[in-house]
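Undergrad: what's the 3D shape of this:
(one chain, ligands or ions: 3)
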Amino acid sequence: MGAAVLAVYLLFPAGIPRDVVYALVGLSSVATILVGIRLHRPDRPAAWYLMALGQLSWVTGDLLFGWYADVLHVSPFPSPADACYLAAYPVIGGAVLVLIRSRQRQLDLPGLIDSAIVTIGLGLLSWLVIAGPIVQSADPAFTRLVGVAYPVGDILLLALLVRLVTVPGARSASFRLLGSAVAMLMLADVAYAAISAYADYDSGVFDLLWLASYVLWGTAALHPSMRSLSAPAAGEPAPFTRRRLAALGLAVLIAPGALAVQLAFSLSVQGWPVVVASVALFSLVVARMHLAIREVVTAGRKRNQLQQELAHQAAYDSLTGLANRAHVLGLIEAALHRAQRSGSELALLALDLDGFKMVNDTFGHQAGDEVLRAVAGRMRSVVRVGDTVGRLAGDEFVILVEPLEGTSQLLELAERLITAVSTPIRVGDRDVTVGVSIGAAISSDGSTDADALLHHADAATYRAKAAGRGRVELFDESLRRQLDEQADTENAIRAGLTAGEFVLHYQPVISLSTGRVQGYEALVRWHRPGHGLVPPDDFIPIAEQSTLICDLDRWVLDEATGQLARWRREDPEAGELTVAVNISGRHLASPGVVDDVVSALTRSGLPASALVVEITETVLVDRLSIADRLVELRRLGVEISIDDFGTGYTSIGQLQHLSVDTLKIDKSFLNSSDGGSSELVRLMINAAHAFGLKVVAEGIEDAGQLEQLRTLDCDSGQGYLFARPRPVADLPSAAELSPDVLPA
Ligand code: C2E
Ligand code: MG
Ligand code: MG
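TA: Ligands and ions are numbered 1, 2, ... in the order given. Below you'll find the model as predicted:
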């Protein structure tokens with residue numbers, strides 16, 4: 001509406017009609033601001049009330065001015081209209097100040113200086129063009145004073161406007177509208193003053209600018225974003241942008257520029273204002289420079305400090321202060337290069353704590369951390385100066401011994417380490433004891449790389465653990481052969497997967513209450529050329545050394561779900577059957593496992609409820625990270641079964657916290673002649689039922705075991721008594737499944 005009025009404003013005849021329209025637009029702006037306040041309830045209503053008041057003062061001035069001009073046909077100067085106009089400046093200025101203060105909570109000295117520089121530059125210009133001629137005119141002092149008050153008011157308002165737009169904060173629609181309104185007002189003031197100072201030119205054109213300012217102001221108040229106009233800016237002060245630099249440069253150049261223009265056009269030179277402004281500008285620029293330099297220096301210091309901290313963090317373990325994996329591998333690599341050049345020997349000890357997990361589980365992680373710190377300190381105190389101790393992960397450490405002075409000395413060092421580590425550690429008010437198994441690998445000419453050397457030392461540690469812990473083993477020919485064999489097997493598995501050498505055998509799972517087959521467990525076998533049919537225990541552990549196991553598991557998942565889907569299609573009786581697939585801990589800990597399960601289900605078209613995922617209990621105990629995966633899988637609707645239950649360290653009480661559906665009692669409990677075993681089985685079944693889990697007994701080999709399990713209320717069973725695992729073609733039909741041992 002305001003724009004429409006503006007468009008036709010000049011069509012109104014000059015004089016009273018125009019004055020009325022003018023006053024109406026002004027009043028509408030006041031009214032709109034009040035409406036905006038009621039409508040949007042801004043954070044700082046005071047700012048808006050002040051604006052309304054200031055505008056009201058202007059409108060009053062307009063009315064008085066019109067009264068004198070059109071009714072009394074005089075134009076006195078100064079007049080009461082000027083009092084109204086001038087009174088509005090401090091009020092509007094106060095409003096802008098309220099906004100600035102609430103947008104910028106803390107002192108921003110550089111920003112203040114920047115705005116002051118721009119203001120002084122523009123102020124000088126305005127002084128030279130507008131105020132100067134007024135001051136120098138022959139008018140009476142009061143008239144000159146009032147005349148000068150206008151440009152001075154404009155300059156102060158300009159200062160506030162510059163400050164408002166340079167303070168960081170949201171540039172909302174309301175903010176832009178308000179900024180434009182104030183800018184438009186000043187533009188009109190300055191243009192009018194500048195032109196009327198030199199010529200007697202008065203048309204309605206200036207009115208348009210003032211009217212536009214009123215309209216913009218009202219619109220700013222109506223826009224919903226006015227509510228948060230005073231919201232403080234989050235974070236850093238405004239950056240020193242190129243635009244700001246250009247504005248400052250221009251502002252500073254105004255003083256010499258003005259002088260140049262005065263000289264060039266032989267105008268009367270107003271030297272003093274230029275001098276005063278220049279002094280002020282130079283002082284501000286110097287102050288600004290000082291601040292900027294200080295900022296740069298502080299930032300540089302902070303950055304250096306940060307860089308040092310980062311470099312340290314990147315290279316050292318924060319818990320023990322030892323070199324971390326990446327750093328220690330780099331050091332080993334460098335040592336190998338040196339050894340190669342000098343032909344000297346070096347050695348690597350890989351240390352793995354014994355019984356550390358127990359400490360963590362029994363006494364908590366804090367105690368575990370303290371043990372790691374203590375152990376690290378002892379290792380450091382035992383090695384020679386110059387040898388490096390590093391922490392690879394968890395409770396795995398390495399020691400780089402360089403140069404090596406003979407194998408016997410190395411073994412002595414290892415023995416000293418074992419003694420040092422196994423001395424009881426005081427944690428809180430108790431003594432904790434851990435042990436350490438050590439593997440040693442020697443590089444005699446530096447020709448291996450760090451990874452290989454570490455791998456060798458690890459292999460030796462593994463043997464030390466297997467040989468009874470708390471001892472040292474040296475990487476030797478037999479270990480090398482074993483590693484080579486492992487590598488061969490790994491390659492053969494990889495090739496066998498693509499060549500289709502793997503097959504699944506299926507073993508039925510029988511419901512002990514109905515005697516019917518409820519599903520099958522898929523068990524993998526390998527037709528390895530030259531080796532016959534290889535059982536899983538001979539190659540799964542090797543595949544588990546790398547992500548190869550994930551490929552193998554994925555193949556099993558696809559094959560088993562595909563087979564079940566075929567059975568379900570071919571045989572209407574098979575509609576309720578499930579298939580159980582064993583998933584290795586390593587695969588389960590990998591991020592892709594859920595996707596693998598989902599894609600196997602999608603490809604086969606089976607519902608998630610048809611799939612049982614078996615994980616061994618030891619996996620559950622070792623890895624905390626898999627807990628989330630289990631929850632995800634269960635959410636899909638897949639059944640989770642704990643395999644080989646009873647062989648790990650899960651206490652029966654922990655069962656309620658695990659995200660699983662089924663417990664599979666390990667076969668060792670059935671086949672044991674130990675009398676306590678059957679008591680344990682009873683306990684496990686009762687506990688599982690109490691926590692809402694189903695129980696499967698595996699390894700049922702004779703009718704006696706079956707009978708006992710049925711009296712104990714075990715849900716399902718699996719074992720040679722019913723059927724051995726067989727390839728699909730040889731699977732026994734339901735009728736063949738020993739009906740005599742399965743009384744209906
Ligand atoms: P598991 O999952 O506990 O499988 C049960 C094992 O017990 C199978 O050995 C099965 O043949 C055997 N078994 C079944 N009934 C009887 C019985 O009445 N008496 C006795 N003494 N043994 C019985 P298998 O097939 O040699 O598998 C050994 C282990 O290899 C499995 O133990 C499982 O942990 C792992 N495994 C098998 N297939 C896969 C697979 O596809 N992926 C993964 N990651 N692991 C697999
Ligand atoms: Mg299993
Ligand atoms: Mg088992």
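Undergrad: quick one, what contacts the closest residue to His223 other than its chain neighbours?
TA: Excluding the flanking residues, the one nearest His223 by CB to CB, 6 or more residues apart in numbering is Ser174, at 4.3 Å. No exception for glycine: its C-beta is placed from N, CA and C like everyone else's. Residues in contact with Ser174 (CB atoms under 8 Å, 6 or more residues apart in numbering) are Ala220, Ala221, His223, Pro224, Ser225, Met226, Leu229.
Undergrad: again, but for Pro80
TA: Leu64.
Undergrad: same thing with Leu557?
TA: Contacts of Leu557 (CB under 8 Å, 6+ apart): Val581, Ile583, Asp596, Val597, Ala600.
Undergrad: Can you give the domain ranges for this structure?
TA: 2-108+167-235, 325-475, 487-727 (automatic domain parsing).
Undergrad: Could you list the residues of the stretch 601-744 of the chain in contact with ligand 1?
TA: 614, 616, 643-644, 667, 698-701, 718-720, 725 (CB under 6 Å from any ligand atom).
Undergrad: now do the chain
TA: 507, 523-524, 535-537, 540, 553, 556, 582-584, 614, 616, 643-644, 667, 698-701, 718-720, 725.
Undergrad: Just the ones of the residues you listed in helices?
TA: Ile540, Asp553, Val556 (DSSP state H).
Undergrad: Count the neighbours of Gly575 for me.
TA: Neighbours of Gly575 under the rule other CB atoms under 10 Å: 10.
Undergrad: same thing with the one 3 residues further on?
TA: The number of residues packed near Thr578 is 16, by other CB under 10 Å.
Undergrad: What helix or strand is the closest residue to it other than its chain neighbours located in?
TA: Spatial nearest neighbour of Thr578, chain neighbours left out: Gly519 (3.4 Å); criterion: CB to CB, 6+ apart. Secondary structure from DSSP states H and E places Gly519 in strand 517-528.
Undergrad: strand partners of that strand, parallel vs antiparallel please.
TA: strand 502-511 (antiparallel), strand 532-534 (antiparallel), strand 578-582 (parallel) (DSSP bridges).
Undergrad: Skip ahead from the lowest-mean-pLDDT helix or strand in the chain and say which helix or strand is next.
TA: Across the helices and strands of the chain, mean pLDDT, DSSP states H and E gives its lowest value to helix 617-622, namely a mean of 69. Following helix 617-622 in sequence order, the next helix or strand is helix 626-636 (DSSP H and E).
Undergrad: What lies in contact with that next one?
TA: Applying CB under 8 Å, 6+ apart, the set of residues contacting helix 626-636 is 585, 588-589, 593-594, 597-598, 601, 608, 613, 615, 619-620, 640, 658-661.
Undergrad: Let me see the mean pLDDT of that helix.
TA: In this model, helix 626-636 has an average pLDDT of 89.
Undergrad: One more: stretch 298-314?
TA: Rounded mean pLDDT across stretch 298-314 is 91.
Undergrad: How about stretch 519-537?
TA: 96.
Undergrad: Correct me if wrong, but Leu348 is in a strand.
TA: Yes. When DSSP: H, G, I helix; E, B strand; the rest coil is applied, Leu348 is found to be in a strand.
Undergrad: May I have the beta-bridge partners of it?
TA: Note on Leu348: beta-bridge partners Leu400, Ala441, judged by DSSP bridges.
Undergrad: and stretch 377-388, which residues are buried?
TA: Gly377, Arg378, Met379, Arg380, Val382, Val383, Asp387, Thr388 (16 or more other CB atoms under 10 Å).
Undergrad: Kindly indicate which of those lies nearest ligand 3.
TA: Met379 (39.1 Å; CB to the ion).
Undergrad: Mean pLDDT lowest where, among the domains of the chain?
TA: domain 2-108+167-235 (a mean of 88).
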